[in-house]
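Asker: Could you look at this predicted model? Sequence included:
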Amino acid sequence: MLPTNRTIETNPNKNRFILVNLLPAMRRGEWGYVDNGTTVDLYFWPIDPLNVDVNIEYSRRGSCVEAKSRSFLEFRSIILERSSSAGAKNDGHYAFNAGNSVGASPYATDITLENCWIRDTYRSESSYAPVWARHVNNFRLIQCTISDAVNQFGMQITGPFWNEYDGPVTGVWIDRNIILRSDQTPERCYGLELFMVTRNRAIDCGQAAHANKGNIYNGGHNGLWWHNYWWACPGYWTFQRSSAQFFGFNFCPGNTLDTDGRAIEDQNYESTVIISQLSPATGRTIGGSPTNGDSYFLNNILPPWRNAASYANAMLVGRGAETAIRMVVMNNIANGITLRMGMVVADGIRRNVITNGTTNDATDVITPFGDIFEDILLGDLAIKPDSPHLTGTSHPINVLPGHDGTRILSDVFPDYDGFGVDIAGKPIDLANPPVGCVGDPADLHRFDPVWIDRPEPTGAPIVGGSVSADDGYIMAFGHSSRTYQWYLVDDVYDPRIDWTPISGANSASYSPVAGDIGKYLARRTTMDGVPIYSLMDAPVAAAFPLGDPISLLNPRSSSDVSVGANTWFETAQITTSNKPLLVVVNSNNVTFARVAAFSATIGAAGRNGGEGTPLTVDPGTALRTRNQISFATILAPGTGAQTIQVSNDDGWSNIHVSVFEIDGMDSIVVGGEIEASNPLSLSPAITTGQINTLVFYAANRYDGTEDPLSWEGGTALLSEPTGAGGASTSLWAAMAFEQAASTGNYSQTVSWLSQQGAATSCAVEIRATA
């Protein structure tokens with residue numbers, strides 16, 4: 001049936017949607033309706049009346065996915081939309097509904113939503129959430145977008161209530177999601193144990209009732225809230241009847257609706273009779289293991305909202321006449337902290353920067369928020385480059401003090417891979433962390449939506465080159481439309497209002513021009529109306545400081561026979577031009593161990609073994625069983641025809657030597673060793689420490705069938721065997737490189753067709769003169 005496109009207006013009220021009566025214009029095969037105010041009459045004119053069997057039925061969508069009492073389900077890259085209900089809030093009519101009702105047994109397990117978009121959902125009054133999971137162990141919500149949830153929370157993930165305890169719900173992980181415009185709290189959790197809420201972003205949520213930034217209620221225990229970001233969300237993060245919550249490296253502004261200024265409030269207090277029934281919070285055993293009831297607030301930034309009263313405190317901890325647990329508060333930047341000191345563990349409050357009120361410990365720093373933030377009255381929460389944040393002394397958090405014993409984050413949450421980075425994804429040391437959630441405030445990019453998979457700039461910012469950025473976190477496929485704008489930035493600490501848009505630079509990539517030299521490039525990527533900003537670490541330069549590696553041995557020098565211990569192997573002649581050299585030795589060692597002493601020299605062909613100019617041998621190597629990769633460098637090798645000689649104290653069954661000329665090289669850093677016994681691929685990676693470097697990748701593998709190694713990215717340099725060795729001694733070696741204009745993590749994958757045996761690989765950062 002097709003709707004008619006001829007309409008007659010019958011509604012004079014222009015403040016409402018125009019209601020139309022289509023009946024006078026209807027023809028065979030069309031339908032129409034008449035709106036009666038409280039009811040709507042639908043009319044159908046079938047093309048053939050014989051197609052109508054007794055009646056015409058229509059349906060509404062109460063749920064998109066109903067998975068009650070089901071387990072072992074995965075939903076990926078699907079859109080769930082337009083579910084609606086005017087019924088009771090427990091009617092189950094939500095976009096996604098999984099698990100069992102309270103008291104049902106056994107619990108469901110292993111349900112995953114990944115890269116899905118849950119959008120445009122409606123309830124007639126305050127209800128649960130478009131994603132509602134009840135009593136599901138190992139529930140995963142990964143890289144999903146939840147948008148426009150009317151009269152609902154963004155998600156509601158529940159376990160057993162404190163007074164209906166029937167064993168824990170564990171393993172829930174809410175990771176890298178975006179929640180846009182949920183009327184109520186974006187993340188609401190009940191009765192979960194050993195769960196993680198990490199790397200999520202909530203924008204413009206909680207404008208209706210239950211206006212909290214996040215909740216953990218009714219028996220929650222051992223919860224990780226890490227690397228989360230809230231923006232334009234009123235209310236505060238809070239927990240009730242719950243214990244051992246680890247709240248760290250989050251950006252959480254104060255209440256945006258009124259002047260109370262709260263960002264975190266401990267509501268974990270009740271009358272003693274109720275608390276005594278709560279097994280996690282009283283320290284009673286769960287599954288036979290003793291519990292640690294302490295909660296931890298570590299390295300958060302809790303800035304005041306611009307309309308908050310100047311006296312308003314952002315953190316209220318241990319509040320009330322009764323409390324269930326004790327607190328540890330360290331390394332936060334907060335607009336005031338209110339504490340019941342008796343509820344803080346010994347040495348549990350240290351090294352906080354407080355922008356309002358009074359200090360709570362001799363190690364705290366008190367400073368006006370105007371000394372830290374750019375312009376709080378305008379709502380600009382960018383940290384000033386000379387703020388105390390940059391110079392404040394922090395407290396180690398690799399081992400956490402606790403009332404019932406120390407705790408180590410990675411022991412409690414072994415599956416979380418983000419403890420080694422700040423909220424911007426930059427490496428940090430938990431033994432010497434920053435104050436606040438970033439090591440360098442410029443990495444927050446003026447506090448635009450931050451999550452670890454933000455678009456990563458790529459390419460070298462040089463005149464005539466090409467720079468771009470990847471998509472970072474990919475929303476569900478409905479977000480396929482993107483727009484771009486490139487900017488010039490004088491200084492990485494400049495507020496975004498001072499960035500200069502480049503006229504006409506609205507493509508995914510951009511080619512710098514001479515007028516850009518000395519300035520930084522930034523790109524705005526807009527998806528679903530949400531802008532995300534990526535700022536390059538390095539300013540535009542006239543040229544990249546490092547030349548591409550040039551192989552001087554074509555194809556290589558290799559030996560398929562044994563080279564004895566302390567015996568010198570000499571390559572074919574190379575022609576040098578006094579530019580730095582990188583020598584790479586892929587070897588099959590005689591013994592199953594790393595060679596202890598490796599030497600290399602350069603000099604005239606045919607010289608005695610070991611004579612010539614010594615090369616600097618880097619101690620970093622990669623090894624799998626007997627397969628090894630070693631490196632040596634020389635910055636000024638001289639000019640003319642020369643050879644490289646190499647030797648070691650163990651001996652080689654097979655050897656492959658490569659020599660690369662790299663103009664501008666000053667030093668190397670070897671890392672990222674990845675090895676395995678019978679793999680089909682390896683992915684060496686390294687986190688660079690300087691801008692404008694090269695990342696060099698090397699790999700080798702046993703080669704009995706001459707199965708080539710192929711790089712899936714970067715620029716391949718070579719891929720070749722050592723020679724006609726036996727299946728247990730012959731090697732296939734492969735190398736590639738890429739430019740690394742910005743600091744960060746770089747990785748490439750090398751693969752082959754069939755299992756051949758042991759393989760090893762590594763990544764090397766090649767640096768220019770600083």
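Answerer: Yep, that arrived.

Asker: give me the low-pLDDT residue ranges for the stretch 501-650 of the chain?
Answerer: Across the stretch 501-650 of the chain, the ranges flagged by pLDDT under 70 are 528-530, 555, 559-561.

Asker: can you pull out the strands in it?
Answerer: 520-527, 530-535, 550-551, 557-559, 569-570, 574-577, 581-589, 598-603, 613-614, 616-617, 622-624, 627-634, 639-648 (DSSP state E, counting those that start in this stretch).

Asker: Need the contact partners of the fifth one.
Answerer: In this structure, residues lying in contact with strand 569-570 by C-beta atoms under 8 Å, 6 or more residues apart in numbering are 557, 559, 563, 605-606, 609, 643-647, 652, 655, 657. (Glycine included, C-beta is placed from N, CA and C.)

Asker: now do 7 Å
Answerer: 559, 563, 643, 645-647, 655 (C-beta atoms under 7 Å, 6 or more residues apart in numbering).

Asker: Which one (most neighbours) among those residues?
Answerer: residue 655 (27 neighbours; other C-beta atoms under 10 Å).

Asker: okay, the helix or strand containing that one in PDB with CA atoms only?
Answerer: If you go by DSSP states H and E, residue 655 is part of strand 652-661. Below are the C-alpha coordinates for strand 652-661, written out as PDB (Å, rounded to 0.1, in the frame of the first residue of the first chain):
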ATOM      1  CA  TRP A 652      75.000 -18.200  13.600                       C
ATOM      2  CA  SER A 653      73.400 -21.100  11.600                       C
ATOM      3  CA  ASN A 654      72.000 -18.500   9.200                       C
ATOM      4  CA  ILE A 655      72.400 -14.800   8.800                       C
ATOM      5  CA  HIS A 656      70.800 -11.900   6.900                       C
ATOM      6  CA  VAL A 657      72.400  -8.400   7.000                       C
ATOM      7  CA  SER A 658      70.600  -5.300   5.700                       C
ATOM      8  CA  VAL A 659      72.100  -1.700   5.600                       C
ATOM      9  CA  PHE A 660      69.900   1.400   5.300                       C
ATOM     10  CA  GLU A 661      71.000   5.000   4.900                       C
END
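
Asker: looking just at contacts, which helices and strands does the next helix or strand after it meet?
Answerer: Tracing the chain C-terminally past strand 652-661 and defining elements by DSSP H and E, one meets strand 665-676 next. Of the remaining helices and strands, those touching strand 665-676 by 3 or more C-beta pairs under 7 Å, 6 or more residues apart in numbering; DSSP states H and E are strand 622-624, strand 627-634, strand 685-687, strand 759-768.

Asker: which other helices and strands contact whichever strand or helix holds residue 734?
Answerer: Assigned by DSSP H and E, residue 734 belongs to strand 731-740. If you count contacts as 3+ C-beta pairs under 7 Å, 6+ apart, strand 731-740 packs onto strand 581-589, strand 652-661, strand 693-702, strand 715-721.

Asker: quick one on the thing from earlier: can you tell me which of the helices and strands packed on strand 665-676 comes nearest to residue 384?
Answerer: strand 685-687 (27.0 Å; C-beta to C-beta).

Asker: sorry, back to before: save the helices and strands packed on strand 731-740 as JSON lines, and put in distance to residue 82 too.
Answerer: Output for these, formatted as JSON lines (distance: least, C-beta to C-beta, whole Å):
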{"stretch": "strand 581-589", "distance to residue 82": "58"}
{"stretch": "strand 652-661", "distance to residue 82": "58"}
{"stretch": "strand 693-702", "distance to residue 82": "46"}
{"stretch": "strand 715-721", "distance to residue 82": "47"}
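
Asker: tell me the most buried of those?
Answerer: strand 693-702 (a mean of 28; mean count of other C-beta atoms under 10 Å).

Asker: for it, the distance to its chain's centre please.
Answerer: 25 Å (C-alpha atoms, centre = their mean, to the nearest Å).
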